[in-house]
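S.K.: sequence first, predicted coordinates after that:
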Amino acid sequence: MSTRAIQFLKQKKYAFDIVRYEHEEKGAQIAAKATGYPLAQTVKTLVVDLAEMGYTLVLMPGDKQLSMKQLAKVCGVKRAAMADTKTAERISGYLVGGISPFGTKQEMPVVMEASILGFDKILINAGQRGRMLMLAPGDIQESLDCTIASVAQS
């Protein structure tokens, strides 16, 4: 079964592989363990509320935590907060645990943690729990016109 994320990448002609795993609970750690892929290269897609600026997607390595303070600074807002599950699912069009930055229902700006660009390939959600996409971080940056910034907690 194809997802909007897979269709998005196919339409834009980006190379990727689909990696499946048994989804038991959400989280980059679980996905990394199930796929045997390094946690640092298993990227999570977070939906963040920037108040007056709306929502943004943040791509974070599985082994790092997002600094809301850094993100707010990068986005030029006073504060940033994680969107609640219901909101994240409504605006992305995906279930939490399967949120992909590709083919979201509502178009949102994307911020990519700078360290992700240090890898040749990463795993990122394909828009369905238990299904990941393996592709080059540069292709993600290009296809989504990501803002690259250091937004991980130090």
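M.R.: Everything's here; your move.

S.K.: who touches the residue nearest the centre of the chain in this structure?
M.R.: Nearest residue to the geometric centre of the chain (Cα atoms, centre = their mean): residue 45, 2.4 Å. For residue 45, the contact set (Cβ atoms under 8 Å, 6 or more residues apart in numbering) comprises 57-59, 92, 99-101, 124-125. Backbone N, C-alpha and C define where each C-beta goes, glycine included.

S.K.: now residue 149
M.R.: So, once contact is read as Cβ under 8 Å, 6+ apart, residue 149 ends up touching 70-71, 74, 111-114.

S.K.: now do the worst-scoring helix or strand of the chain on mean pLDDT: which elements does it pack against?
M.R.: Across the helices and strands of the chain, mean pLDDT, DSSP states H and E gives its lowest value to helix 28-35, namely a mean of 80. Secondary-structure packing of helix 28-35 (3 or more Cβ pairs under 8 Å, 6 or more residues apart in numbering; DSSP states H and E): strand 42-49, strand 122-128.

S.K.: what comes into contact with that helix?
M.R.: Contacts with helix 28-35, where a contact means Cβ under 8 Å, 6+ apart, come from 19, 21-24, 37-39, 41-44, 61-63, 123, 132.

S.K.: span of stretch 10-22 from start to end?
M.R.: Counting by Cα to Cα, to the nearest Å, you get 24 Å between the two ends of stretch 10-22.

S.K.: what's the average pLDDT for it?
M.R.: Stretch 10-22 shows a mean pLDDT of 91.

S.K.: buried residues in it, which are they?
M.R.: Using 16 or more other Cβ atoms under 10 Å as the test for burial, stretch 10-22 gives 14, 16, 19, 21.

S.K.: quick revisit: buried subset of the contacts of residue 149?
M.R.: Using 16+ other Cβ under 10 Å, the buried ones in the contacts of residue 149 are 70-71, 74, 111-113.
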